[in-house]
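Q: Coordinates for the following, if possible.
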Amino acid sequence: MARIHLFEFEDLPWFPSFLRNYGTDFLQFLANKTKMYEPVIPLLQKGLQNSCTAQIVDLASGGSGGLLWLNQELKKTYPLLKILLTDYFPNTDAFDYTKKQAENIDYLAEPVDARDVPEKLKGLRTQFLSLHHFTPSDAQRILQNAVDAQQPIAIFEAQERSFRSILAMFFSPITVLLTTPMIRPFKLGRILYTYLIPIVPLFVWWDGMVSCLRTYSVKEMQHLVNQLNKKDSFAWDIGKMKSGPGVILYLLGTKK
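A: Residues are numbered from 1 along each chain as shown. Next up, the predicted model:
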């Protein structure tokens with residue numbers, strides 16, 4: 001199945017930020033509740049250890065993804081761990097909620113472009129469920145920026161271009177309807193635009209389906225790396241692993 005870069009509503013500048021935030025809140029809740037990223041803990045530990053750092057700079061954080069649960073697990077090995085949340089469209093309400101749950105997590109309220117990360121932000125760069133939002137040229141810019149800054153980078157996608165992933169996303173509106181009352185922080189607008197005016201389930205359905213079609217395969221991520229300048233200054237680990245009934249595609253790059 002060829003990669004198709006259709007649009008996602010949450011990428012559109014005109015899309016209302018509160019609706020975008022309801023979508024990323026849903027993804028954050030699901031990732032933490034299901035411990036979706038449990039299999040990637042060894043990779044994160046490897047990235048931190050190989051880079052001699054105890055800081056994670058999360059790019060394109062959305063609603064903070066599964067980092068709240070991952071943080072608890074990583075702190076068992078790295079008690080001094082610090083996590084900084086960033087995004088081009090910062091969901092500051094979700095970031096603030098996450099920060100209140102874990103004192104070692106902080107965030108930037110101003111936009112941060114994953115393709116051009118400020119030099120002052122040092123640490124293991126991570127992206128959860130976000131690389132597919134970028135075109136191949138922009139995805140390559142993300143990786144090149146990490147290599148140029150000599151900063152490690154770890155990328156994880158919790159879907160792939162397959163019939164199974166697309167089928168799972170097809171039924172995502174049902175999951176939205178079932179989980180919305182449990183999502184925090186509670187917002188009346190989330191209830192309104194989920195049940196009375198069901199925009200959230202519909203745009204999550206569309207964006208989820210398109211996410212699968214946009215996702216880079218292991219071979220395509222390897223191709224992106226092969227095009228980088230000074231790629232050999234980094235060690236690259238690219239592959240796929242099981243996560244419950246689904247899969248996680250991953251890329252880890254650390255300075256040699």
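Q: so where's the longest helix in the chain?
A: Of all the elements of type helix in the chain, the one with the most residues (DSSP state H) is helix 17-34.
Q: Would you mind pulling up the elements that the following helix or strand past that one packs against?
A: Next helix or strand after helix 17-34 toward the C-terminus (DSSP states H and E): helix 41-51. In terms of contacts (3 or more CB pairs under 8 Å, 6 or more residues apart in numbering; DSSP states H and E), helix 41-51 is packed against helix 67-74, strand 124-128, strand 153-157, strand 234-243, strand 246-255. Just so you know, the C-beta spots here come from the backbone N, C-alpha and C atoms, and that holds for glycine as well.
Q: quick one on the thing from earlier: just the residues contacting the longest helix of the chain, thanks.
A: Under the criterion CB atoms under 8 Å, 6 or more residues apart in numbering, residues 9-10, 36-37, 62-66, 68-69, 89, 91, 93-94, 98, 128-129, 158, 175-176, 179-180, 182-184, 187, 189-190, 193-194, 199-200, 203-204, 207, 244 lie in contact with helix 17-34.
Q: sorry, back to before: can the helices and strands packed on helix 41-51 go into CSV with extra columns for distance to residue 136?
A: Converted to CSV, those look like this (distance: least, CB to CB, whole Å):
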stretch, distance to residue 136
helix 67-74, 26
strand 124-128, 15
strand 153-157, 14
strand 234-243, 15
strand 246-255, 14
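Q: Can you check which of the ones you listed gets nearest to residue 55?
A: strand 124-128 (7.0 Å; CB to CB).
Q: Partner strands of the closest one, with direction?
A: Partner strands for strand 124-128, per DSSP bridges, with pairing direction: strand 55-58 (parallel), strand 153-157 (parallel).
Q: so who does the closest residue in space to residue 127 that isn't next to it in sequence touch?
A: Closest residue in space to residue 127, ignoring its immediate chain neighbours: residue 155 at 4.6 Å, by CB to CB, 6 or more residues apart in numbering. By CB under 8 Å, 6+ apart, the contact list for residue 155 reads 126-127, 131, 221, 250-252.
Q: Show me which of the residues you listed is closest to residue 85.
A: After measuring the contacts of residue 155 against residue 85 - CB to CB - the closest member comes out as residue 126, at 10.1 Å.
Q: hmm, back to that, could you save the strands paired with strand 124-128 as JSON lines and add columns showing distance to residue 48 and mean pLDDT?
A: Shown next, in JSON lines, are the strands paired with strand 124-128 (distance: least, CB to CB, whole Å; pLDDT from 0 to 100):
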{"stretch": "strand 55-58", "distance to residue 48": "8", "mean pLDDT": "98"}
{"stretch": "strand 153-157", "distance to residue 48": "9", "mean pLDDT": "98"}
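Q: relative to its centroid, which residue of this protein is most remote?
A: Most distant from the centre of the chain: residue 196, at 29.0 Å, with distances by CA atoms, centre = their mean.
Q: that older thread, which of the contacts of residue 155 tops the neighbour count?
A: Highest neighbour count within those, by other CB atoms under 10 Å: residue 126, with 27 neighbours.
Q: From residue 196, how far out is that one?
A: 36 Å (CB to CB, to the nearest Å).
Q: So which bits of stretch 154-170 are buried?
A: Buried residues in stretch 154-170, counted by 16 or more other CB atoms under 10 Å: 154-161, 165-166, 168-169.
Q: right, I mislabeled it, should have said stretch 94-112
A: Within stretch 94-112, judged by 16+ other CB under 10 Å, the buried ones are 94-95, 97-99, 102, 104-105, 107-108, 112.
Q: And residue 61, which helix or strand is it part of?
A: Assigned by DSSP H and E, residue 61 falls outside every helix and strand.
Q: now the one 4 residues further on
A: Assigned by DSSP H and E, residue 65 falls within no helix or strand.
Q: Count the neighbours of the closest residue to it other than its chain neighbours for me.
A: Distances taken as CB to CB, 6+ apart place residue 128 nearest to residue 65, at 3.9 Å, with adjacent residues excluded. Neighbourhood size, residue 128 [other CB under 10 Å]: 27.
Q: Lovely, talk soon.
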